[in-house]
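> Here is a sequence together with a model predicted from it:
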Amino acid sequence: MLVLLTCYMLLHAIRGNSKMLALCIAGGFCNAAVGQVAFDVNASAPVRSLNAPNAFARTPNSRLVSVELDVSTLFHPGAEQNVKEVMVQAACRRDDVVVVDYSPRTELQSDIDGPMQIVQEKDQSRDASLQGFGGYPGIGSIAGAWNQSEYQTHSVQFLQKPTRELTVAAGTTNRQRGVYFKLRPNSQSTLEGSRKLGILLSVPENWRADLMDVTIQAVGLEPPNFRREAVVARESFVVALYQENDTVASAAAAEYVRQQANLVRLVKLYSKTIEHRSFPTPFHKLGAKLDLYEPEIPGNWLDSIVYKPGSLHHTRLSALPVDVRVAIMNFQDQKGRMESLSGLSTKSASKPQSGNNPASNQPQTYTLGYRGTGSNSNR
């Protein structure tokens, strides 16, 4: 019955909005284009405390830490010539974590090593000539000439700085809660490969771990005509930060990375099942493009779980496969644990923990509806 109703609504939509349907179908093919650039960044990073004066801290109860990101860029064959710029943006999720400094800062480079010597010469010359001829018939004749020449040379020499091009532009965003790096190629450098980016943060005293959102995008000539500049590639990552020499924070960051990788792996494994449950027939896909059908599973559910703070509880997530739902519970528990180590108040952090129970300090895991830790496991 639902399929018949959907077909009926689509027929009316096709008659009245044939142009809109054509654009939707064309957009689906455009989205299938292969990306030109691939990015990567370290999944976790240790944070080192700095013995710096308190004047650099933003609040009285804060301290300075440094973190290093290892960003990698891989160009597909033929894409290096079309990419003009790569931008990296990073920001922690806690509001009172402030960017104090960053490296590299804005840089200008030139192909000329050292100053240029400019020589300007100006020549001036002036010639004058006078000739005369005279005579009287029968007596004789006389002739004479007079020449005068003047030549001057004027030379000026000075040093001039060569023109430099922008290769790195860096600064803060969102009232110093984030930082960005714009990288551009020149004759002496390239955008492909790995690059270290350093960030100096001001964090609260009780800060032990945090999640940093990193977005990397490439700007270049857009295919297939390669005439207009646009964003040709974009990827988002989450980097788990942890205090150096803190075994609890280090273990929590490693477990977060493992749970996130497991969630992504299961989503890829059940991708066809998830797509079929969201759109049972091709008519449901067309209906969703025309806003006539709402998918059974929200389209941005994975981004909301990974990139939004706190836990996501949505009734439509029950349509996901059981293994994916179990992975979501494990991942959200570990994300809440990381947020509690950063000082954010989360629901999982507000639960009372017994100091006599050693299992209360370990991350809880789920397996097909069962609690993984604790003697009193509830089904």
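Sure thing, it's come through.
> Return the distance of the closest residue to residue 303 other than its chain neighbours relative to residue 249.
Nearest residue to residue 303, sequence neighbours excluded (CB to CB, 6 or more residues apart in numbering): residue 236, at 7.8 Å. All C-beta atoms are positioned from the backbone trio N, CA, C, and that covers glycine. Residue 236 sits 23 Å away from residue 249, taking CB to CB, to the nearest Å as the criterion.
> which of these two has more neighbours?
Neighbour comparison, residue 236 and residue 249: the larger count goes to residue 249, with 24 against 15 (by other CB atoms under 10 Å).
> for that one, phi and psi?
phi -70, psi -40 (degrees, to the nearest 10).
> From what I see, it and residue 206 are in contact.
No: between residue 249 and residue 206 there is no contact under CB atoms under 8 Å: 11.5 Å.
> Give me the packing partners of the helix or strand hosting the residue nearest to residue 303, helices and strands only.
Residue 236 belongs to strand 229-243 when assigned by DSSP states H and E. Contacts defined by 3 or more CB pairs under 8 Å, 6 or more residues apart in numbering; DSSP states H and E place strand 229-243 against strand 37-41, strand 44-49, strand 62-75, strand 83-92, strand 209-221, helix 247-269, helix 301-307.
> Please identify the pairing partners of it and their relative orientation?
Strand pairing for strand 229-243, determined by DSSP bridges: strand 44-49 (parallel), strand 209-221 (antiparallel).
> which parts of it are buried?
Residues 232-233, 237-243 are the ones in strand 229-243 that count as buried (16 or more other CB atoms under 10 Å).
> Check stretch 198-209 too.
Using 16+ other CB under 10 Å as the test for burial, stretch 198-209 gives 199-204, 207-209.
> In strands only, show me these.
Secondary structure from DSSP state E places 199-204, 209 of these in strands.
> which SS class is residue 94?
Taking DSSP: H, G, I helix; E, B strand; the rest coil as the rule, one finds residue 94 in the coil state.
> Pull the number of nearby residues for it.
Every residue meeting other CB under 10 Å relative to residue 94 is counted, giving 18.
> looking at it, it is touching residue 342, isn't it?
Yes: between residue 94 and residue 342 there is a contact at 5.2 Å, judged by CB under 8 Å.
> and residue 317, that's in a helix?
Yes: the assignment for residue 317 is a helix, going by three-state DSSP.
> Skip the chain neighbours and tell me the closest residue to residue 36.
residue 79 (3.7 Å).
> mind checking the SS state of the one you found?
With three-state DSSP as the basis, residue 79 sits in coil.
> give the contact list for residue 215.
Taking CB atoms under 8 Å, 6 or more residues apart in numbering as the criterion, residue 215 is in contact with 88-90, 234-237.
> Pull the most distant pair out of these.
Spatial extent of those (CB to CB) is set by the pair 90 and 234 at 14.6 Å.
> quick revisit: overlap in contacts of residue 94 and residue 342?
Common neighbours of residue 94 and residue 342 are listed as 207, 210 (criterion: CB under 8 Å, 6+ apart).
> hey, where'd the strands end up in the stretch 251-379 of the chain?
Assigned by DSSP state E, counting those that start in this stretch, the stretch 251-379 of the chain shows strands spanning 366-367, 370-371.
> One more: the stretch 51-200 of the chain?
Counting by DSSP E, counting those that start in this stretch, the strands of the stretch 51-200 of the chain are 62-75, 83-92, 98-103, 107-109, 116-136, 140-160, 165-173, 178-183, 193-204.
> ends of stretch 310-324, how far apart?
Start-to-end span of stretch 310-324 (CA to CA, to the nearest Å) is 18 Å.
> for stretch 194-213, same thing?
Start-to-end, stretch 194-213 (CA to CA) is 19 Å.
> again with stretch 265-276
End to end - CA to CA - stretch 265-276 spans 18 Å.
> quick thing: my sequence starts at 35, can you match it?
Fine by me, first position is 35 from now on; the one you just mentioned is stretch 299-310.
> Enumerate the positions of that stretch that are buried.
By neighbour count on 16+ other CB under 10 Å, the buried set for stretch 299-310 is 300-301, 304, 308.
> go on, stretch 351-362?
351, 354, 358-362.
> which regions of the stretch 135-284 of the chain lie under the pLDDT threshold?
144-196, 198 (pLDDT under 70).
> for the stretch 285-413 of the chain, which spans come out with low pLDDT?
317-327, 349, 379-413.
> Repeat the analysis, applying 80 as the threshold.
Scanning the stretch 285-413 of the chain with the threshold set as pLDDT under 80 gives 310-333, 346-350, 378-413.
> Just the closest of the buried residues of stretch 232-243 to residue 260, please.
Nearest to residue 260 among those, counting by CB to CB, is residue 233 at 34.4 Å.
> That closest one contacts residue 103, doesn't it?
Yes: taking CB under 8 Å as the definition, residue 233 is a contact partner of residue 103 at 7.0 Å.
> Which neighbours do those two have in common?
Listed as contacting both residue 233 and residue 103 by CB under 8 Å, 6+ apart are residue 124.
> Now residue 288. Nearest residue, chain neighbours left out?
Residue 288 sits nearest to residue 78 (CB to CB, 6+ apart), 6.7 Å away.
> How about the contacts made by that neighbour?
273-276, 287-288, 290-291.
> so how many other residues sit close to residue 99?
23.
> give me every residue that touches it.
81-84, 234-235, 237, 241, 277.
> Mind doing that once more with 7 Å?
Residue 99 is in contact with 81-84, 235, 237, counting by CB atoms under 7 Å, 6 or more residues apart in numbering.
> Tell me how far the residue nearest to it when sequence neighbours are not counted lies from residue 127.
The shortest distance from residue 99 to any non-neighbouring residue, by CB to CB, 6+ apart, is to residue 81 (4.5 Å). Separation of residue 81 from residue 127 (CB to CB): 14 Å.
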